[in-house]
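> show me the folded form of this:
(4 chains)
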2 protein chains.
Amino acid sequence: MPLSTPPAVDQKETLRLARTFAALGDPTRLKIALTLATGEMRVQGLADLLGISPSAVSHALRRLKDLALVRHRADGQNRWYSLDDGHVAAILQTGLEHVRE
Amino acid sequence: MPLSTPPAVDQKETLRLARTFAALGDPTRLKIALTLATGEMRVQGLADLLGISPSAVSHALRRLKDLALVRHRADGQNRWYSLDDGHVAAILQTGLEHVRE
DNA sequence: TTAATATATGAAAGGATATTCATATATACA
DNA sequence: TGTATATATGAATATCCTTTCATATATTAA
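From the prediction side, this is the model:
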């Protein structure tokens, strides 16, 4: 889908976009994102399901949260994480279609 | 967009998807991809436009090509690079929408 | 063939980064 | 209160990765 004009993407926007893709470019964080695409989960649940330490999960979630890829709601001492919006699910979906073709 | 069932994403597919996002997660490669979204270009043209050495551009393009994010057609000693398919443009576009919201 | 141009490639170094470990915070429960 | 549980955080290290530099390959022109 070539465009007729150069994209108006400034440097700051480009760097943020790069950090966004890089966040999904780590296997651990990507697994977390793909899992959250199925519904909300707690840190411990993700750790158990993926076989990663809760600390590593928490670090990963912070990174995803900084870039607005995930969000969470508090519930007592628990935090239920989910994907932040439809864009994230769409990016994951399109990415999957690409690697599957 | 929560799904009703866990996504059927096997380990191999997940790793390839992670490598795909990681490829777009480097500022240099992302700039190249965004530029190619406007049309095909040669290595030298990308190097001049982005202020990067042709060697660095070539390394970046190889990585993008390995993951089927870009393709090229030969033309004498030149190679005209372009985005590989619509998925790539869609991922870039959705990513931009996300960082802009 | 020789020279020139365009691109690719391998190795190495410097910088970025994910995980671990120890600790901190926050909430719930007794 | 004090204890247990859930999560977060900082520092350190070990690993990964991008760029540079030198060189190689390929194509064109002379």
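> shouldn't residue A:40 be in contact with residue A:81?
Yes - at 6.1 Å, residue A:40 and residue A:81 qualify as touching, with contact defined as C-beta atoms under 8 Å. For every residue, glycine as well, the C-beta is placed using N, CA and C.
> higher neighbour count, these two?
Per other C-beta atoms under 10 Å in any protein chain shown, whichever of residue A:40 and residue A:81 has more neighbours is residue A:81, with 24 against 17.
> what residues are up against the more buried one?
Under the criterion of C-beta atoms under 8 Å, 6 or more residues apart in numbering or on different chains, the contact list for residue A:81 reads A:36, A:40-43, A:46, A:61, A:70-72.
> just the strands in chain A please.
For chain A, the strands defined by DSSP state E cover A:70-75, A:78-83.
> nearest to residue B:56, of these?
Among those, the nearest to residue B:56 by C-beta to C-beta is strand A:70-75 (32.8 Å).
> buried ones in the closest one, by neighbour count?
Within strand A:70-75, the residues scored as buried using 16 or more other C-beta atoms under 10 Å in any protein chain shown are A:70, A:72.
> starting at the chain centroid, how far to that strand?
14 Å (C-alpha atoms, centre = their mean, to the nearest Å).
> same question for that strand, mean pLDDT?
What strand A:70-75 shows for mean pLDDT is 97.
> isn't residue A:23 up against residue A:29?
Yes - counting by C-beta under 8 Å, residue A:23 touches residue A:29, with 5.8 Å between them.
> surely residue A:97 and residue B:86 touch.
No - judged on C-beta under 8 Å, residue A:97 makes no contact with residue B:86 at a distance of 9.7 Å.
> okay, and the common contacts of residue A:23 and residue A:29?
Listed as contacting both residue A:23 and residue A:29 by C-beta under 8 Å, 6+ apart are A:63-64.
> shaky segments in chain A?
A:1-8 (pLDDT under 70).
> helices along that one, start to end?
Counting by DSSP state H, chain A has helices at residues A:11-24, A:27-36, A:43-50, A:54-66, A:86-100.
> mind checking which of those is nearest residue A:77?
When those are ranked by proximity to residue A:77 (C-beta to C-beta), helix A:43-50 comes first, at 10.5 Å.
> ok, now how distant is residue A:87 from residue B:100?
From residue A:87 across to residue B:100, the span is 10 Å (C-beta to C-beta, to the nearest Å).
> again, but for residue A:11
From residue A:11 to residue B:100 the distance is 14 Å (C-beta to C-beta).
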